[in-house]
Structures are given as structure tokens and as C-alpha cells.
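K.L.:
Task: produce atomic coordinates for the following.
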Amino acid sequence: MRTILSAVLIALVALLVPASAVAYWADRELGDADRYTAAMSPLARNPAVQEVVVTQVGHALSGQIDAGPFQGGVDALLGEALRSFAGTPAYRTAWDAANHAAHAAFLDALTTGHGDALTIDLAPVIDRVKGELVADGVPFADRIPVTHLSVKVMEYDNLAALRKGFRMLQVAGIWLPVLTLVLAAAAIAVAVHRRRAVMATGLGLAVGAGLLWIAVDVCRRLALDDLPADIDRSAAGAVYDALTAFLRTTAWVVLAVGLAAALAAWLMGRLRRTP
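P.N.:
Sure thing, here's the model as predicted:
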């Protein structure tokens, strides 16, 4: 009876590993503005995301400058300046500021807000771009108003359906991981053969890590397939990967811990048998 109970608990641990990781991620990673900004920060160097920002900001700024017969030349200068600016530390600083400011809107979209898109307000980027252009003496740059420009990086037809589940994950953010650890300890405690239970629990953790990795990969494909045609898929994929980097790292860590525990228990058994 104790062996069966231990096996059931180990199976529950394997199933709870991905759920626990996602719940913690939703509560502590996506729910925190600083961690969200840190997750999005590497995208400042991503070529696909840079191209989306340059294109959108270029269109917005070009529409604000009336250069008459010189419009074509000004637009060309603007495009070159934007692409040059996208590789600077000032751009990365502005990008972080934009994402930090956008976190509240992002969280609102996934909780109680309205709308089906994840957007980034590029006003901080535009402000820095204007300053750089004026300093470089680009004609008519001083006429650029600093306006809010919301750029869609992900959009879904069924984002509203995800809000309820996301809220539940936030509530369970700390309790599910604790429950998983308690069940793992209980599986070992009730087992008749503790060493075998440790090995089985370690393998259960490894299986759970594999399930988490598969879930992240499958959700990525579904998310990108569900995007409207006007959303750049390379940029959206980069955003998804940045936001879920914590989950992939967690999967590797849990896999390593589980396999290490299983291997250690197996080696101990081998050493005991050695005369």
C-alpha cells in the first residue's frame, strides 16, 4: 500500500512541476515590472524587433515632419539615423524605459483589461531619437513632437479567454511550488525503500521538466500560428522566447536536479552492494 501511495505521489509531482513553474512565472516574473523589463531588455539587440521599431517609429516621425519638396531626403536621413541609433546604448536605455512603462498595460491585458493585443508605447524611444537627431543637425528634427506610439508585438483573437487562467496562476504562484516539494518529500517518506523512492522521485522531476519544455514549445507554435497577418512573426517569436526564458531555464534546472538525485541514489545502491 505504501509503495502504491509513493508511486501516486511521484506521478503527481511530475504533473505539478510544469504547473508550478508556470504559476511562479506568471506571479513573480510577469507580474513584476522590473523582472518583466529585464526579460524584455535583450530584445533591444534583436534584429527583427529592431526592424519593427525602426519601421514604426520612422512612419510616425515622417508623418510629423512637413519638409515640402525635401520630404524624400528627410525621410531617407531619418531612416538612416534610426537604424544607426538602434545600435547604441541610448536606444537600449530608451527601450528599457518603454518596456517598464508598458508593463502596467501588459499586465492589464492579461488580467482585467480590455483588448486583445500586447503593445509597447515607444514614446521614450521617440524622445531619445528626437534628441539624437537634433544633436546631429538633422533638418526639421526639432519639429518632431514626442507623441505616444503603441506598437503591437503580439495579438490574439482569444486573449480574453486566457485572462481567467492567468489570474488563477497568479493566485497559485507560490503555493503550487511549495505543494510540489511537499509531495516529493512525502513520496520519499512513505516509501518502503527510501533509496528507490529518491531515484523514482528524481526521475519524476526529470519527466516534469520534459513536460514543461514540451508545453513551452507547443504554446510557442500555437501562439505564432494564431497571430494576425500584419504582426511580424520573427519579432513576435523573439518576444515569446524572451518572456518564457525563465520557464526554459527552470526546465533545465529541474531536469539536472532530478537526474542528479536519481543518479546519486543509484550510485549509493551500487556502492552498498560492493563488497
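K.L.:
Tell me which stretches of the stretch 51-200 of the chain form helices.
P.N.:
71-85, 89-110, 123-135, 159-171, 175-189, 194-225 (DSSP state H, counting those that start in this stretch).
K.L.:
so which of these gets nearest residue 32?
P.N.:
helix 89-110 (8.4 Å; C-beta to C-beta). For the C-beta atoms, the positions are set from N, CA and C on the backbone; glycine is no exception.
K.L.:
packing partners for that closest one?
P.N.:
helix 33-40, strand 117-121, helix 123-135, helix 159-171 (3 or more C-beta pairs under 8 Å, 6 or more residues apart in numbering; DSSP states H and E).
K.L.:
tell me the mean pLDDT over the second one?
P.N.:
Here strand 117-121 scores 68 as its mean pLDDT.
K.L.:
circling back: weakest of the helices of the stretch 51-200 of the chain by average pLDDT?
P.N.:
Taking the mean pLDDT of the helices of the stretch 51-200 of the chain, helix 159-171 comes last: a mean of 67.
K.L.:
Give the buried residues for stretch 95-110.
P.N.:
Neighbour counts using 16 or more other C-beta atoms under 10 Å place 95-103, 105-107, 109-110 of stretch 95-110 among the buried residues.
K.L.:
can I get those in a markdown table with distance to residue 26?
P.N.:
Shown next, in a markdown table, are the buried residues of stretch 95-110 (distance: C-beta to C-beta, whole Å):
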| residue | distance to residue 26 |
| --- | --- |
| 95 | 23 |
| 96 | 22 |
| 97 | 24 |
| 98 | 22 |
| 99 | 18 |
| 100 | 19 |
| 101 | 21 |
| 102 | 18 |
| 103 | 14 |
| 105 | 17 |
| 106 | 12 |
| 107 | 10 |
| 109 | 13 |
| 110 | 8 |
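K.L.:
sorry, back to before: mind putting the helices and strands packed on helix 89-110 in JSON lines, distance to residue 12 included?
P.N.:
Converted to JSON lines, the helices and strands packed on helix 89-110 look like this (distance: least, C-beta to C-beta, whole Å):
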{"stretch": "helix 33-40", "distance to residue 12": "29"}
{"stretch": "strand 117-121", "distance to residue 12": "33"}
{"stretch": "helix 123-135", "distance to residue 12": "46"}
{"stretch": "helix 159-171", "distance to residue 12": "18"}
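K.L.:
Those: which one's closest to residue 205?
P.N.:
helix 159-171 (20.3 Å).
K.L.:
Quick check: of the buried residues of stretch 95-110, which lies closest to residue 17?
P.N.:
The shortest gap between residue 17 and any of the buried residues of stretch 95-110 belongs to residue 110, at 22.8 Å (C-beta to C-beta).
K.L.:
burial of the nearest residue to that closest one once chain neighbours are set aside, as a residue count?
P.N.:
Spatial nearest neighbour of residue 110, excluding adjacent residues (C-beta to C-beta, 6 or more residues apart in numbering): residue 166 at 4.8 Å. Per other C-beta atoms under 10 Å, the neighbour tally for residue 166 reads 18.
K.L.:
What of the one 3 residues further on?
P.N.:
Number of residues near residue 169 (other C-beta under 10 Å) recorded here: 20.
K.L.:
Next, find the distance separating it from residue 255.
P.N.:
22 Å (C-beta to C-beta, to the nearest Å).
K.L.:
cool, and residue 18?
P.N.:
Distance, residue 18 to residue 255, by C-beta to C-beta: 12 Å.
K.L.:
So for these two, which sits in the more crowded spot?
P.N.:
Comparing residue 18 with residue 255 by other C-beta under 10 Å, the one with more neighbours is residue 18, at 23 against 19.
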